[in-house]
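> compute the structure for the input listed below.
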Amino acid sequence: MITRQTVLGAVAAALIAIAPQAWAAYPDKPIRLIVPFPAGGATDVVARVVGVRLGQLLKQPVIVENKTGAGGNIGADFVSKSPADGYTVLVASPAEVAINEFLYAKMSYDPAKDLAPVAKLASAPLVLVVSEKSPARSAQDLVRHAKSKPNGLNFASSGTGGPQHLAGELFRITSGAKLTHVPYKGGAPAMTDLLGNQVDLFFSGLPPALAHIQGGKLRVLGVSTAQRFPLLPQVPTVAEQGFAGFDIENWQGVFVPAGTPAGVIELLARSLGEIAADKGFAEQLQAQGASPAFLNTKAFAEFVAKERTKYARLVKDSGAKAD
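Residues are numbered from 1 along each chain as shown. Have a look, this model is predicted:
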């Protein structure tokens, strides 16, 4: 005798059997990597290096799209409201997932609830850079120069609330110098004005600054991380120049809309891990001034939670606001 319970049980069993197969074909169409900053910045550089390799690995086109504005919020919001199917992926920096929620009075998405972490990809210090025409030869020189000016100095950032902005605010707090924030819509336009002497200093991502440092157009005064960076071993950290506790990391990681199937997240994370472990990938990143810094999904989620705690405190101490 066929009962209602028997039918329901059979349907449930069929769905369980079908569910893994439904995602076995992923991906079967192009994947979009959304970069919430303009082309040429650190996040964009990493996304394009990863995108080429991810496309080769998954055998589908991977298209990098720049959706800029609001300190990264526009691009992150776009991904958070996209279908949770693994075809719209965010390549994020700390701003969109660990900083802006404390900086903006209103957010159109909740980073902790609307975006699911996949993996950490890359890391680099920020570099404190000035124009070749600046008199400063060290971080302490820069502070003395700022204090000699009635109006202090201007510091650029790639957008209000990003790591570059908060590195500048932390430098202001720890140095006691008068520094005025000048936000740009990405690292590339900020770099253009620094080279043109429209602003005085910039905690830049290393990838867009490296060629100008090597070409002598920019002078690097320090790196923002607690340890010196292997690609610039001769450059001291800001912390070791008398600014104890200064530690800001510019990292990039991948997120997808919350609700994306676990199987899709696992495939993406596994693929990104394979890419990060490849020697050629490391060489490509290092040529751009970054390094692989892979964390799997669980470790990355824990890392992001710690970043939120750190930046919540820094935003509060600095008084920085975006609205």
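> can you show me the helices along this protein?
Taking DSSP state H to define them, one finds helices in the chain at 4-22, 42-58, 73-80, 94, 100-103, 111-114, 139-148, 163-175, 187-195, 206-214, 262-276, 279-287, 297-318.
> list the contacts of the residue nearest to Phe102 when sequence neighbours are not counted.
Distance criterion C-beta to C-beta, 6 or more residues apart in numbering; nearest residue to Phe102, sequence neighbours excluded, is Val315 at 4.3 Å. The way it works is simple: take the backbone N, C-alpha and C, and place the C-beta from them, glycine included. Going by C-beta atoms under 8 Å, 6 or more residues apart in numbering, Val315 touches 99, 102-103, 161, 166.
> least reliable of the helices of the chain going by mean pLDDT?
Sorting the helices of the chain by mean pLDDT places helix 4-22 lowest, at a mean of 51.
> what about dumping the CA coordinates of stretch 306-313 to PDB?
Provided in PDB are the C-alpha atoms of stretch 306-313 (Å, rounded to 0.1, in the frame of the first residue of the first chain):
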ATOM      1  CA  LYS A 306      39.400  39.500  13.700                       C
ATOM      2  CA  GLU A 307      39.900  42.200  11.100                       C
ATOM      3  CA  ARG A 308      36.400  43.600  11.900                       C
ATOM      4  CA  THR A 309      37.300  43.800  15.600                       C
ATOM      5  CA  LYS A 310      40.600  45.600  14.800                       C
ATOM      6  CA  TYR A 311      39.000  48.200  12.400                       C
ATOM      7  CA  ALA A 312      36.000  48.800  14.600                       C
ATOM      8  CA  ARG A 313      38.400  50.100  17.300                       C
END
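> buried stuff in that stretch?
307-308, 310-311 (16 or more other C-beta atoms under 10 Å).
> swap in stretch 243-255?
For stretch 243-255, the neighbour count (16+ other C-beta under 10 Å) marks 243, 246-255 as buried.
> rounded mean pLDDT for that stretch, please.
pLDDT averaged over stretch 243-255 gives 93.
> domain parsing for this structure?
Following automatic domain parsing, the chain resolves into domains at 30-124+249-318, 125-241.
> now do the end-to-end distance for the longest one.
Taking C-alpha to C-alpha, to the nearest Å as the measure, domain 30-124+249-318 stretches 42 Å from start to finish.
> what do you get for the shortest one?
For domain 125-241, the first and last residues are 16 Å from each other (C-alpha to C-alpha).
> re earlier: any idea which of the contacts of Val315 is closest to Glu266?
Checking these against Glu266 with C-beta to C-beta, the nearest one is Ile99 at 27.7 Å.
> what does the model give the closest one for pLDDT?
For Ile99, the predicted pLDDT is 93.
> wait, isn't Gly162 in contact with Thr68?
No. Taking C-beta atoms under 8 Å as the definition, Gly162 is not a contact partner of Thr68, at 12.0 Å.
> quick one, which of those two is more surrounded?
When neighbours are counted by other C-beta atoms under 10 Å, Gly162 and Thr68 differ, and Gly162 comes out ahead with 31 against 19.
> tell me the contacts of the more buried one?
71-72, 93-95, 99.
> then Gly55?
Going by C-beta under 8 Å, 6+ apart, the list of residues near Gly55 reads 31, 61-62.
> quick revisit: mind giving me the ChimeraX command for buried ones among the contacts of Gly162?
Burial among these is assessed by 16+ other C-beta under 10 Å; the matching ChimeraX selection reads:
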select :71,72,93,94,95,99
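> return the distance of Gln214 relative to Gln284.
Going from Gln214 to Gln284 by C-beta to C-beta, to the nearest Å gives 17 Å.
> next: Phe37.
Taken as C-beta to C-beta, the span from Phe37 to Gln284 is 19 Å.
> more crowded one of the two?
Using other C-beta under 10 Å as the criterion, Phe37 and Gln284 rank with Phe37 on top: 30 against 19.
> what are the phi and psi values for the nearest residue to that one once chain neighbours are set aside?
Once flanking residues are discounted, Phe37 sits nearest to Gly186: 4.6 Å by C-beta to C-beta, 6+ apart. The phi/psi pair for Gly186 (degrees, to the nearest 10) reads phi 120, psi 160.
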